[in-house]
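Peer 1: no FASTA, just this:
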């Protein structure tokens, strides 16, 4: 058996993804990230220099457990989920801390980067100054699945094992901190996605000292979509019907994910 065969399938799918060098600390101003604004003050584009950073081997031991049936099929699937959810937890390990700093936050996805801003007093800034990396952890589209829903035909409803369907993506990121007037680029990017009709944030420049911006560039995305991928299509269809009948909070989103992923049938955990 080859060494590659010893790697779990979910991790093996990630081994081809490019990684970023630890030696590359993003120290340029946001002008190296945002091209800027045109004559009317509109955002032109987001620009990064990550293509200049040498690749490194994937780290397969970090992140959540992902059985093969639940693994994301591509980075695109992860990016779509991140863009749709738009809220998660930013986790900054810092250096030598007993616990990381965990910050609930809204964000927007823009050109394969994740853009957000936080209040200046937030304790996350000290952790990022120690070590400019973070994990953005996002989960959603979840629903509790009772054990009896697992039974079809003459199967015993009492023998079914309950579970929870959910999706989760963890983005392991290099971080660029954005301060001062350059924050306008961060705010324009967010407003373009969230509330484009709002007046330009330049009218609020006096309030900029109260916030700092972040641009996250993922080295690696790890996605898990746990929607009965280890059972056959007939059992998944039964659960989809039950979700429609129950129609509780989150059931419609979970059913949509289940049906989207049912084209692949993989047995076993």
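Peer 2: Right, received. Where do you want to start? Small disclaimer: the values here were computed from a predicted structure and weren't measured.
Peer 1: quick one: average confidence on stretch 89-107?
Peer 2: Taken as a whole, stretch 89-107 carries a mean pLDDT of 97.
Peer 1: now do the same end-to-end measure for that stretch.
Peer 2: Stretch 89-107 has an end-to-end distance of 10 Å (C-alpha to C-alpha, to the nearest Å).
Peer 1: Run through who's touching that stretch.
Peer 2: 86-88, 114-116, 118, 122-124, 126-128, 130-131, 133-138, 175, 214, 216 (C-beta atoms under 8 Å, 6 or more residues apart in numbering). In this view, the C-beta of every residue, glycine as well, is placed from N, C-alpha and C.
Peer 1: List only buried entries from these.
Peer 2: For the contacts of stretch 89-107, a burial check counting by 16 or more other C-beta atoms under 10 Å picks out 86, 88, 114-116, 118, 122, 124, 127-128, 131, 133-138, 175, 214, 216.
Peer 1: can you give me the helices in the stretch 1-150 of the chain?
Peer 2: Using DSSP state H, counting those that start in this stretch, the helices of the stretch 1-150 of the chain run over 9-12, 75-85, 124-130.
Peer 1: out of those, nearest to residue 64?
Peer 2: helix 9-12 (9.7 Å; C-beta to C-beta).
Peer 1: and stretch 171-189, average pLDDT?
Peer 2: Averaged across stretch 171-189, the pLDDT comes to 94.
Peer 1: What residues of it count as buried?
Peer 2: Neighbour counts over stretch 171-189 (16+ other C-beta under 10 Å) mark 171-179, 182-189 as buried.
Peer 1: Over to stretch 220-237?
Peer 2: Of the residues in stretch 220-237, 220-231, 235-236 count as buried by neighbour count, 16+ other C-beta under 10 Å.
Peer 1: lowest-confidence helix or strand of the chain?
Peer 2: Within the chain, no helix or strand scores below strand 43-46, which has a mean of 35 by mean pLDDT, DSSP states H and E.
Peer 1: Give me the residues contacting the longest helix along the chain.
Peer 2: The longest helix of the chain (DSSP state H) is helix 233-246. Defining contact as C-beta under 8 Å, 6+ apart, one finds that helix 233-246 is touched by 143, 145, 149-150, 152, 165, 227-228, 251-252, 254-255, 258-259, 262, 265.
Peer 1: quick one: least confident of those?
Peer 2: Out of the contacts of helix 233-246, that is residue 265, at 44.
Peer 1: So which of the buried residues of stretch 171-189 belong to strands?
Peer 2: 171, 172, 173, 174, 175, 176, 177, 178 (DSSP state E).
Peer 1: Which secondary structure state does the nearest residue to the last one once chain neighbours are set aside sit in?
Peer 2: Excluding its sequence neighbours, the residue lying closest to residue 178 (C-beta to C-beta, 6 or more residues apart in numbering) is residue 213, at 3.4 Å. Under DSSP: H, G, I helix; E, B strand; the rest coil, the three-state class of residue 213 is strand.
Peer 1: State the distance from the closest residue to residue 132 other than its chain neighbours to residue 118.
Peer 2: Leaving aside its sequence neighbours, residue 132 sits nearest to residue 175 (C-beta to C-beta, 6+ apart; 4.6 Å). Distance of residue 175 to residue 118, computed by C-beta to C-beta, to the nearest Å: 12 Å.
Peer 1: any shared contact partners between the two?
Peer 2: residue 214.
Peer 1: Poorly predicted segments of this protein, please.
Peer 2: Where the chain drops to pLDDT under 70, the residues are 1-61, 263-269.
Peer 1: Do a quick rundown of the strands in it.
Peer 2: Listed in chain order, the strands of the chain (DSSP E) span 34-37, 43-46, 87-92, 101-106, 108-110, 113-119, 133-145, 163-178, 211-226.
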